[in-house]
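[1] Provided below for reference: sequence and predicted model.
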Amino acid sequence: MDLNNLVPWLFIAAVLVFVIPASVYMYTLQQRRSKAYVAFAAANGYQYVFKRPGQEAAYVNVLPMFNQGHSRTWQHELSGAFNGLAFTAFEYVYIIGYGKNQTVHRQAMIKWESAGASLPQFTLGPEGFFARIGQALGWPDIDFSDDEAFSRSYVLKGSDEAAVRALFTPELRAQLSSEPGQHVAGMGKVLLWWRNGSLPGPESFGAFLTAGDRVRQVFFAG
């Protein structure tokens, strides 16, 4: 038998054996998560939206990560109020590369907006975060040579260095240094906080929201 004639059939067989079952599994998993979030939202007075296509584009100026990669997805959005301020929690997914070389990046995020806030544009995160998107930001690191604890814990970037330095007072830096590993971005009235990984399920969402809100209070009140 001509091996060349077998190639298309082998490809079809691979799709049937591997790709379709994997796709069905992922679809089933997403539907299961969605159903759990719907019930959780109803029980807690929150609103749930499965997906918001293109929503990240509205916040590219706040966080350039929203312009990275392809297949960008804003999903499993839960919104409501906590500690006197409206929040929007969601899972953000994007992909770098294609095929065997692709990497899927997934973040559990919370967004707040405060009418009284006027934040300079900044992005704060551990060193590894900027290894992924640092070049896209195009801004140098903003260092505090007199604050070794903060400098060891974080890399800070922003479009207006003087304004960012004014925001990051010694008191604010001390609070962030006490909880290393945070990812935060802000501009104007918008603040974003996130962790790597999927949005927590209903059983641990409260702890996730509380952790994020603790960081939010460092930057503005409810």
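    Arrived safely, thanks for sending.
[2] Just the buried residues of stretch 65-77, please?
    Within stretch 65-77, the residues that count as buried by 16 or more other CB atoms under 10 Å are Met65, Phe66, Gln68, Gly69, Arg72, Thr73, Trp74, Gln75, His76, Glu77. Heads up, the C-betas are built off the backbone N, CA and C, glycines and all.
[3] Mean confidence (pLDDT) on it, please.
    Per-region confidence: stretch 65-77 scores 96 on mean pLDDT.
[4] what's next to that stretch, contact-wise?
    Where contact means CB atoms under 8 Å, 6 or more residues apart in numbering, the residues beyond stretch 65-77 that reach it are 33-34, 37, 48-57, 59-60, 88-96, 105, 132-133, 136, 185, 199.
[5] which among those end up buried?
    33-34, 37, 48-49, 55-56, 59, 88-95, 105, 133, 185, 199.
[6] Could you list the domains of this protein?
    Following automatic domain parsing, the chain resolves into domains at 1-45, 46-219.
[7] In the chain, where is pLDDT below threshold?
    Within the chain, the stretches falling below the threshold (pLDDT under 70) are 1-29, 131-138, 222.
[8] deepest of the domains of the chain, which one?
    Here the criterion is mean neighbour count by mean count of other CB atoms under 10 Å, and of the domains of the chain the winner is domain 46-219, at a mean of 16.
[9] all strands in this structure, in order from the N-terminus.
    If you assign secondary structure with DSSP state E, the strands in the chain sit at 47-51, 70-82, 85-96, 103-113, 119-125, 155-158, 183-188, 190-196.
[10] For Ala221, find the nearest of these.
    Of all the strands of the chain, the one in closest proximity to Ala221, counting by CB to CB, is strand 85-96 (8.0 Å).
[11] Partner strands of that closest one and their direction?
    For strand 85-96, the paired strands and their directions (DSSP bridges) are strand 70-82 (antiparallel), strand 103-113 (antiparallel).
[12] Name the nearest of the buried residues of stretch 65-77 relative to Pro180.
    Met65 (19.7 Å).
[13] in this protein, which spans are helices?
    Listed in chain order, the helices found in the chain under DSSP state H are 3-14, 20-44, 127-137, 148-153, 161-167, 170-177, 202-219.
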